[in-house]
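Visitor: Sequence plus predicted model, see below.
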Amino acid sequence: MSVLVVVECDKGEVKKSSLEVATYGAQVAAQLGTSATAIAVGEATEANLAKLGEQGISKVLYDNEPRLKDFVNNAYTKLIATAAQQEDAKVIVLANSNVGAAVGSRLSVRLQAALATNVVELPKTDGGQFVVKRGAFSGKAFSDVVLSSDRKIIALKKNSIEAQHEAGKTAEVTAFSAQLGDADFADAPKQVVMQDQAGGILLPEASLVVSGGRGMKGPENWNLIEDLAKALGAATACSKPVSDVDWRPHHEHVGQTGITVSPNLYIACGISGAIQHLAGVNSSKVIVVINKDPEAPFFKAADYGIVGDVFEVLPKLTAAVKELS
């Protein structure tokens with residue numbers, strides 16, 4: 001029973017969530033007494049793919065078809081399915097990301113595989129069963145799911161496992177072709193518009209996020225958010241009401257109907273903490289809330305809270321960060 005890991009890349013770099021997936025896949029392979037092979041999707045470099053050996057990957061398959069640089073659902077699905085069949089992979093691990101959500105269900109049908117999303121722990125394989133624990137109800141509950149099919153697909157929730165780094169270990173990068181044709185790219189977007197954060201930090205992959213809500217009182221005050229983000233090397237985000245009134249672009253909207261983030265640190269400034277917003281940030285390792293209302297619901301979910309006016313707190317916090325830098 002081999003393990004295939006789907007590694008997402010962007011601008012030559014392996015995404016943070018995929019480093020976690022690679023670590024998880026290697027640990028699952030160790031449990032099953034086999035090795036872990038990765039299939040790379042997106043724009044990658046051979047040097048960075050070889051570094052996946054630090055996460056325990058033994059071999060990386062890479063198809064250098066130029067049209068795979070950007071996400072195309074049919075093409076990515078065929079690429080991963082072909083790799084799984086070639087490697088006779090019985091377990092496929094991918095990130096619970098936009099790409100993972102799009103291709104996971106298609107792979108499940110194509111490979112007749114059981115699919116578990118939002119998985120948070122290594123599987124339990126004792127007793128002849130394959131049991132995974134997954135989050136449910138926006139992280140408010142967990143369920144144990146038995147995957148009984150021959151092939152199994154696991155979509156790992158971000159920040160569920162720490163990516164390991166064993167210096168000096170490298171993976172073998174092997175050329176791979178899924179024999180993709182024009183028909184496989186028929187659903188490709190006609191134009192791809194990349195909306196990077198200031199400083200080139202992609203919000204879904206950011207380790208640090210500074211986010212603002214209606215408590216910022218207007219777009220003219222957003223420099224306070226941006227100054228702190230710049231000092232920390234963080235991405236900026238906002239709540240849904242802020243994007244709805246066009247204070248900030250919609251690609252910065254974090255929440256149940258926006259982007260889901262899983263940073264190491266999420267700083268919420270002037271956000272009350274509606275349940276829809278919490279659904280998009282509850283995977284954060286540490287949540288800091290700054291709000292002048294001590295009864296703001298967000299404080300119940302916070303690891304640290306500052307009851308104070310954001311217009312007084314943020315400049316002091318930014319100055320303190322710069323002093324320590």
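Guide: Nice, thanks for sending it over.
Visitor: The nearest residue to N98 once chain neighbours are set aside: neighbour count?
Guide: Leaving aside its chain neighbours, N98 sits nearest to P204 (7.3 Å; criterion: Cβ to Cβ, 6 or more residues apart in numbering). Bear in mind the C-beta positions are built from the backbone N, C-alpha and C, glycine included. Neighbours of P204 under the rule other Cβ atoms under 10 Å: 18.
Visitor: for the one 3 residues further on, same thing?
Guide: Applying other Cβ under 10 Å, we find 16 residues neighbouring S207.
Visitor: That one against K16, yeah?
Guide: Yes. Between S207 and K16 a contact is recorded at 6.8 Å, counting by Cβ atoms under 8 Å.
Visitor: hmm, back to that, where does the residue nearest to N98 land on pLDDT?
Guide: At P204, the predicted lDDT confidence score is 85.
Visitor: cool, and Q197?
Guide: pLDDT, Q197: 55.
Visitor: Looking at the chain, which strand is longest?
Guide: Secondary structure of the chain per DSSP state E: the longest strand is strand 2-14.
Visitor: Now the element after that strand, going C-ward?
Guide: Proceeding N to C from strand 2-14, the next assigned helix or strand is helix 16-32, under DSSP states H and E.
Visitor: C-alpha coordinates for whatever helix or strand comes next after that next one, PDB please?
Guide: Next helix or strand after helix 16-32 toward the C-terminus (DSSP H and E): strand 36-44. Provided in PDB are the C-alpha atoms of strand 36-44 (Å, rounded to 0.1, in the frame of the first residue of the first chain):
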ATOM      1  CA  ALA A  36       5.600   8.300   0.200                       C
ATOM      2  CA  THR A  37       5.800   9.700  -3.300                       C
ATOM      3  CA  ALA A  38       4.700  13.200  -4.200                       C
ATOM      4  CA  ILE A  39       3.000  14.500  -7.400                       C
ATOM      5  CA  ALA A  40       3.700  18.300  -7.900                       C
ATOM      6  CA  VAL A  41       1.100  20.600  -9.300                       C
ATOM      7  CA  GLY A  42       1.500  24.300 -10.200                       C
ATOM      8  CA  GLU A  43       4.700  26.200 -11.000                       C
ATOM      9  CA  ALA A  44       7.700  24.500  -9.300                       C
END
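Visitor: now strand 36-44 against strand 2-14, angle please.
Guide: Per axes from the mean of the first three to the mean of the last three Cα atoms, to 10 degrees, the angle that strand 36-44 makes with strand 2-14 is 30 degrees.
Visitor: Adjacent strands (with direction) for strand 36-44?
Guide: When sheet partners are counted by DSSP bridges, strand 36-44 sits next to strand 2-14 (parallel), strand 59-62 (parallel).
Visitor: distance between it and the chain's centre?
Guide: The chain centre lies 15 Å from the centre of strand 36-44; the measure is Cα atoms, centre = their mean, to the nearest Å.
Visitor: Averaged pLDDT, it. What do you get?
Guide: On average, the pLDDT along strand 36-44 is 96.
Visitor: Can you list the buried residues in that strand?
Guide: The neighbour-count check on strand 36-44 (16 or more other Cβ atoms under 10 Å) flags 36-42, 44 as buried.
Visitor: And for stretch 18-34?
Guide: Within stretch 18-34, the residues that count as buried by 16+ other Cβ under 10 Å are 18-29, 31-32, 34.
Visitor: between the buried residues of strand 36-44, which is nearest V289?
Guide: Distance to V289 across those (Cβ to Cβ) is lowest for G42, with 34.2 Å.
Visitor: Neighbours of the closest residue to the closest one other than its chain neighbours, how many?
Guide: Excluding the flanking residues, the one nearest G42 by Cβ to Cβ, 6+ apart is C9, at 3.9 Å. The tally of other residues near C9 (other Cβ under 10 Å) stands at 20.
Visitor: For C9, give the beta-bridge partners.
Guide: Taking DSSP bridges as the rule, C9 bridges to V14, G42.
Visitor: Settle this for me: it is touching A40, isn't it.
Guide: Yes. Assessed by Cβ under 8 Å, C9 is found in contact with A40 at 5.8 Å.
Visitor: overlap in contacts of these two?
Guide: Common contact partners of C9 and A40 (Cβ atoms under 8 Å, 6 or more residues apart in numbering): L49.
Visitor: Turn the buried residues of strand 36-44 into TSV, including distance to L79.
Guide: Output for the buried residues of strand 36-44, formatted as TSV (distance: Cβ to Cβ, whole Å):
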residue	distance to L79
A36	18
T37	14
A38	12
I39	7
A40	9
V41	7
G42	11
A44	13
